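Q: Next one to model:
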Amino acid sequence: MEHPAHPEVTFHHAPGGDETVKRIIKTTVILSVITLIELALGFWIYFMHKSPDYSHGFVLFLKGVIVILSLAKAFYIVGVFMHLGDEIRNLIMTIVVPLLLFVWFIAAFLWDGDSWKNLRNTHGKTKPATEQQQVEPAAKKPGGVE
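A: As a prediction, this is how the structure comes out:
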């Protein structure tokens, strides 16, 4: 009697071998190199902050590079360790596209909220907290009558 599962659904994994060891070493080296680059950039930013005249734009650029490297490392981890890289393209897109839309959704709301806050403070009736006058409540008379 044959195996009850369909052959296109069932496949056998090899317990190991040269191919698996090479993939593990390659993954370890790639993730280690990206991590070392991130650490070097982080220390560079740390020591730049000690300088009295550092470029805020350059520090922001370095932070952006660190975020991009972290995202690349996260996608690589998901692709290798969670085996998403071995799946068919449609399944990958089913997972990645909603994730990217969710990240865009968060970024758009943060941008819009900051814009609304700034417009409200400059064109609305409210003033920033530093310009608002502190009004103390009037002292009540005994007996609750004012």
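Q: chain center to the lengthiest helix in the chain: distance?
A: Looking across the chain with DSSP state H, the single longest helix is helix 89-123. Helix 89-123 has its C-alpha centroid displaced from the chain centroid by 12 Å (CA atoms, centre = their mean, to the nearest Å).
Q: Show the average pLDDT along it.
A: Helix 89-123 shows a mean pLDDT of 88.
Q: what residue ranges in this structure are flagged as low confidence?
A: 1-16, 123-146 (pLDDT under 70).
Q: Would you mind splitting it into its domains for me?
A: Using automatic domain parsing, the domain ranges for the chain come out as 19-86, 88-120.
Q: Mean neighbour count for these - can I get that in a markdown table?
A: Every residue, glycine included, has its C-beta placed from N, CA and C. What follows is the domains of the chain, written out as a markdown table (neighbours: other CB atoms under 10 Å):
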| stretch | mean neighbour count |
| --- | --- |
| domain 19-86 | 12 |
| domain 88-120 | 10 |
